[in-house]
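K.L.:
missing the sequence, but the structure's below:
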């Protein structure tokens, strides 16, 4: 646990939204859990937060990343690599997915990672440098893309906005859960859904039909 | 919120109202003059002097000239504070603004006293 | 398409310059000016500008296009440059940080001056401070401001005295709180605006109304503030 680090929204996986990312989901999360987080933070600050400071290794890794971009003298352009990343994610990790395409794209993502590692930041200015921001964000986009891709490929079912043509049915026995992704080791984990609402009887999951 | 010593009224509202009221007064005075010139077919010095010598006309002229002075001061101050700024005149811009305002005051003084001396027959 | 782009990097440049660029626009689509900027930046990553939502609600990408202020993300190229040449400059009157990025501090300072929050020290009710639909109507056309600064940077009075004249954006928000039935500090707010500079530098030039990307009317709001001051002062 990292004291003082809070998460709200879909990333927090508090199970208020199902597998569909509908418009308005974020509004509910912000209003309800934003307020809850605010109240909790106020209390936590009163009691004192046990904050873990950064280690030397953490700081070194961060500065190394910045130094890598600042020191780049040649290589592919950030805009070009970002376009490729976007194209990849759009083609194979959209709503309709298939195992083969996902697996090959995961391989391409690994290739992109190597290319991004030696890409070129053309603008080294120290005043309001948006090019450097976009370069750092490209690193971040790749991490998120890889997380999305690997977990999507691992989830062998169709559920909501994750619709696979090789696993067309919902698999409540194995996959009625939140997916967790651990970047070191690229490991996929599971976390059970919170089925304990306070004041209403739990609805039993049934097949979705109209 | 912005305190200022050189503006005419105590507040921005006072200047705003005064500028509009004085404009109306001067406008009415101008209409009065135009009306007189239009409705007087035969004009000579006696007729002209007679018109301005009547007490109501002297009072109205005095009011109009004072209004014009106030209106002019508010206007010149506004324009001066718009353009006599650090951007154009550098660090000493307040000095230039002061000189400009003093010159304006001087001119307005002349434009005020001269008609009044004519209208009230001062030597 | 011919593009004339204002460039200035204080790290390397002595003074600003204008770059003349050529860009092939895709056929059959009317791009937004922001799309054009993105295409230019793909070729030259050193072009700096602010942007975020790309749908006209965040107010980040206020720039001056062919002499008119507006939001780049919702201004079609055909509208900004009907004769085929697009001139892009930063918002006028504010200090330039780099290329199309301006320092918004003065703008924010004027906004903060008018106390842009609800002042009501009476005991808060159990749930909400109620407001009738008619009173809520009065806030329409006032609360929608996204603080993009297109209006204030188009106002000559704001150019001449940005530290004293509050500016159309700030005054629109000042009126938003004056008009709010739940606010109890009306007298104090008006007293703070009474001086010759804060409100009364407005001469009804109406550049603000002309450029507001959300269709708001600061001149009308300023007129209403003047009326309130008048009825209070006389």
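P.N.:
Happy to help now that I have it. On a predicted model such as this, the values are computed, not experimentally measured, just so you know.
K.L.:
only C-alpha atoms for contact and neighbour calcs from this point on.
P.N.:
Fine.
K.L.:
Now do residue C:190 against residue A:206, distance only.
P.N.:
61 Å (C-alpha to C-alpha, to the nearest Å).
K.L.:
what does residue C:71 give?
P.N.:
Relative to residue A:206, residue C:71 is positioned 48 Å away (C-alpha to C-alpha).
K.L.:
Between these two, tell me which one has more neighbours.
P.N.:
The neighbour count for residue C:71 versus residue A:206, taken as other C-alpha atoms under 10 Å in any protein chain shown, is higher for residue C:71 (31 against 7).
K.L.:
List the buried residues of stretch A:21-37.
P.N.:
Neighbour-count burial for stretch A:21-37, with 16 or more other C-alpha atoms under 10 Å in any protein chain shown as criterion, is recorded at A:29, A:33-34.
K.L.:
measure that stretch end to end?
P.N.:
Between the start and the finish of stretch A:21-37 there is a gap of 22 Å, counting by C-alpha to C-alpha.
K.L.:
residues in contact with it?
P.N.:
With contact meaning C-alpha atoms under 8 Å, 6 or more residues apart in numbering or on different chains, stretch A:21-37 is reached by A:6, A:8-10, A:17, A:161.
K.L.:
can you pull the contacts of residue C:99?
P.N.:
Neighbouring residues of residue C:99 by C-alpha under 8 Å, 6+ apart: C:6-9, C:47-49, C:89-90.
K.L.:
Recalculate using a threshold of 6 Å.
P.N.:
Contact analysis of residue C:99 by C-alpha atoms under 6 Å, 6 or more residues apart in numbering or on different chains lists C:6-8, C:48.
K.L.:
Give me the pLDDT for it.
P.N.:
Looking at residue C:99, its pLDDT is 95.
K.L.:
Quick one: neighbours of the residue of chain B found nearest chain A, just the number.
P.N.:
Residue nearest to chain A within chain B: residue B:87 (24.4 Å; C-alpha to the nearest C-alpha). Per other C-alpha under 10 Å, the neighbour tally for residue B:87 reads 10.
K.L.:
ok but residue A:178 is inside a strand, no?
P.N.:
Yes - following the definition DSSP: H, G, I helix; E, B strand; the rest coil, residue A:178 is counted among the residues of a strand.
K.L.:
The residue lying closest to it once chain neighbours are set aside sits in which helix or strand?
P.N.:
For residue A:178, ignoring the flanking residues on the chain, the nearest one in space by C-alpha to C-alpha, 6 or more residues apart in numbering or on different chains is residue A:191 at 5.0 Å. Residue A:191 belongs to strand A:187-192 when assigned by DSSP states H and E.
K.L.:
quick one: contacts of that strand?
P.N.:
Residues from elsewhere that reach strand A:187-192, judged by C-alpha under 6 Å, 6+ apart: A:177-181.
K.L.:
pLDDT check: weakest of the buried residues of stretch A:21-37?
P.N.:
Ranked by pLDDT, the buried residues of stretch A:21-37 bottom out at residue A:29, which scores 84.
K.L.:
Surely that residue forms part of a helix?
P.N.:
Yes - assessed with three-state DSSP, residue A:29 lies in a helix.
K.L.:
And the next helix or strand past the strand or helix carrying residue A:44?
P.N.:
Residue A:44 is located in helix A:35-47, with elements delineated by DSSP H and E. Stepping forward along the backbone from helix A:35-47, the first helix or strand reached (DSSP H and E) is helix A:56-70.
K.L.:
and for that next one, what are the contacting residues?
P.N.:
Outside helix A:56-70, the residues within contact range by C-alpha under 6 Å, 6+ apart are residue A:121.
K.L.:
Now that helix: buried residues?
P.N.:
Of the residues in helix A:56-70, A:69-70 count as buried by neighbour count, 16+ other C-alpha under 10 Å.
K.L.:
I'd like the average pLDDT over the helix or strand following it.
P.N.:
For helix A:56-70, the following helix or strand on the C-terminal side (DSSP H and E) is helix A:78-92. In this model, helix A:78-92 has an average pLDDT of 96.
K.L.:
isn't residue C:160 right up against residue B:82?
P.N.:
Yes - here residue C:160 reaches residue B:82: they are 5.3 Å apart, a contact under C-alpha atoms under 6 Å.
K.L.:
so what's residue C:151 up against?
P.N.:
Taking C-alpha under 6 Å, 6+ apart as the definition of contact, the neighbours of residue C:151 are C:208, C:212.
K.L.:
Relative to residue C:138, how far out is it?
P.N.:
If you measure residue C:151 against residue C:138 using C-alpha to C-alpha, the figure is 21 Å.
K.L.:
That concludes my questions; thank you for your assistance.
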